[in-house]
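Novice: generate a structure from the sequence data that follows.
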Amino acid sequence: MQIKDVVLSKGLTGFYFDDQKAIRQGNYVVNGLSYDGPPLTPGFVNIRQAGESVSVQLLLSNGQVAYGDCAAVQYSGAGGRDPLFLADEYIPLMEKYVIPVLIGKDLSSFRTLAEEIDQITDDHGKPLHTAIRYGVTQAILDGVARARSLTMAEVIVDEYGLELVPEPVLIFAQTGDDRKVNADRMIIKHVDVLPHGLFNNVHKLGKNGEHLADYLVWLKARVQELKVEEDYLPDFHVDVYGTIGEAFDNDVPKIGAYVKGLAELAAPHALAIEGPVDCNSKEEQIKLMAELRAYVDQRDIPVRFVADEWCNTLGDIKEFTDAKAGHMIQIKAPDLGGINNTVEAVLYCQSKGMIPYLGGTCNETERSAQVTVQLAVATRPRQILSKPGMGVDEGLSICTNEMNRVVALLKRKQR
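Specialist: Sure thing, here's the model as predicted:
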C-alpha cells in the first residue's frame, strides 16, 4: 500500500502555550485564565497563548486515510526545546520538505520510513521542528497498521522484536493549578498515579516547601475519604519545575532532608518528585540529578527523582540514563521528534535499569494521545501521562478508553 496524497490542516491543542521563563520569574498578574505581563521567551506575544497543532492526513492507495497530529509542549522554547510551533508558520515548511518525501512511499515498514522522515533537514541543514516529526510519524504508524491490518501496538511489537503483553499501563493524571478539585476527580475515578500538581514557582511550593508538604498531607487524607475500593493506593507524583532547588539553593543535603520529610508525610503512598532542580545547562543538570539520586539511595530515602528539564532528545535521555541522573525519566514524546525515538528511548531506559515514564504535555491532541497509548501498550513503560488538557476527565477518558480498547482487542486476537 502506498501514500497517494497528503492533506494538512491547522488545529487546536487541548491546552495552551505558556512562557515558562516569564511564569518562573513571577513578574505578572493573573487575569482569569490569562497572565498580564511581558513575555520573555522568543516567539511569544503573550505569556499564555492558544496551543496550535497541524493534522497530517495520509491518503492511501486503497482509499483509507491515516492520520496523526503535530504538536509541541506547553513550555515550548524552554530548557533547550524547539521554539513555539505555530501552524501558519510551519505548514509551508511541511509542504516544502515533507510532502514530496511521503507521496508514493510504500507503507511496509514503520521504522524505516519514520527514520527517514526524522532525518529530513531544511536548506540550512537543520532538522525539522520536533512537532513536525512527531505528527508525521504518528500518521506513518497509523498507515502501516492499516496496510497490515494490525493495531499500531502490534506494528511496534513486530518491528522492534518485543513481547506482546495485552495488559494496561499505569496512567498518571495532572491537576493543573486546580490542585484540590482536580485531585478529587482523580481519586473518584481511581487514577493510578496522581496529582502532578504544577508547582511551577516558589510561591506555590512555599519559601521552605511548606505548601507542597501541606498539600501532600491533604491529598493523603482525601484519598482515604473519597476512595471506593479499600485497596486503592495510588502513587503520588508531583512536578516542581526546579523550585525545590530554588528554595534550598540546590544544596543536596538540604533537599535530601526536605524530600525525606515529604516521603514520610506521603507514606504509605510511593512518592516521585519530577524536576526537583533546574540548572542552567544540561551538564549541570545531569551532575546535580545524579548527586540527588545517590544521596537518597545511600540513605534509603523512599523518593524517586524524575528527570524532565534538559532531558529532551533521545541523546539527552541516554546521557541522563547512563549517568543515573534520577530514578525515572520522563520521555516527553513531542520533544523527541519522530515517535520512533520515543520507542527507542523507552527500550534504552529499560535496558539500563532506568524507569521509563512515557509522558508528553497537556498541549497535545486527542490523536497524539491515542497514538502514545498504543506505543505504551507495545513498549511497557511504567506509566503514561493522561493527555491532553488540564481538565482531568477529558484526557483520562481518551487515554483510558484507547488503552482498554487495544488491550481488549489484543486479548481477543490471542484466543
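Novice: dump the host helix or strand of residue 376 to PDB, keeping only the CA atoms.
Specialist: Per DSSP states H and E: residue 376 is located in helix 366-379. Extracted in PDB, the C-alpha atoms of helix 366-379 (Å, rounded to 0.1, in the frame of the first residue of the first chain):
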ATOM      1  CA  GLU A 366      -6.700  13.500  21.200                       C
ATOM      2  CA  ARG A 367      -4.900  11.800  18.300                       C
ATOM      3  CA  SER A 368      -1.400  12.200  19.600                       C
ATOM      4  CA  ALA A 369      -2.700  10.800  22.900                       C
ATOM      5  CA  GLN A 370      -4.200   7.800  21.300                       C
ATOM      6  CA  VAL A 371      -1.000   7.000  19.400                       C
ATOM      7  CA  THR A 372       1.000   7.400  22.600                       C
ATOM      8  CA  VAL A 373      -1.200   4.900  24.300                       C
ATOM      9  CA  GLN A 374      -0.500   2.400  21.500                       C
ATOM     10  CA  LEU A 375       3.200   2.900  22.000                       C
ATOM     11  CA  ALA A 376       2.900   2.400  25.700                       C
ATOM     12  CA  VAL A 377       1.000  -0.900  25.300                       C
ATOM     13  CA  ALA A 378       3.700  -2.100  23.000                       C
ATOM     14  CA  THR A 379       6.800  -0.900  24.900                       C
END
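Novice: biggest helix in this protein by residues?
Specialist: In the chain, taking DSSP state H as the definition, the longest helix is helix 393-414.
Novice: quick one: average confidence on that helix?
Specialist: On average, the pLDDT along helix 393-414 is 97.
Novice: distance between that helix and the chain's centre?
Specialist: How far helix 393-414 lies from its chain's middle: 19 Å, per CA atoms, centre = their mean, to the nearest Å.
Novice: let's test this: mean pLDDT of the helix holding residue 376, rounded?
Specialist: The model assigns helix 366-379 a mean pLDDT of 98.
Novice: got the angle for that helix vs helix 393-414?
Specialist: Relative orientation of helix 366-379 versus helix 393-414 (axes from the mean of the first three to the mean of the last three CA atoms, to 10 degrees): 40 degrees.
Novice: output the contacting helices and strands for helix 366-379.
Specialist: Helix 366-379 is packed against strand 65-70, helix 130-148, helix 152-159, helix 339-351, strand 355-359, strand 383-385, helix 393-414, with contacts defined by 3 or more CB pairs under 8 Å, 6 or more residues apart in numbering; DSSP states H and E. Where C-beta positions appear, they are placed from N, C-alpha and C, glycine not excepted.
Novice: nearest to residue 40, out of these?
Specialist: Minimum separation from residue 40 across those (CB to CB) falls at helix 130-148, 21.3 Å.
Novice: rounded mean pLDDT for that closest one, please.
Specialist: Helix 130-148 carries an average pLDDT of 98.
Novice: residue ranges with poor pLDDT in the stretch 201-350 of the chain?
Specialist: Along the stretch 201-350 of the chain, no part satisfies pLDDT under 70.
Novice: would you map the strands across it?
Specialist: 235-239, 271-274, 303-307, 328-332 (DSSP state E, counting those that start in this stretch).
Novice: output the third one in CSV with nothing but the alpha carbons.
Specialist: Below are the C-alpha coordinates for strand 303-307, written out as CSV (Å, rounded to 0.1, in the frame of the first residue of the first chain):
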residue,chain,number,x,y,z
VAL,A,303,11.7,9.1,46.9
ARG,A,304,12.1,8.7,43.2
PHE,A,305,13.5,11.7,41.4
VAL,A,306,12.2,12.2,37.8
ALA,A,307,14.3,13.8,35.1
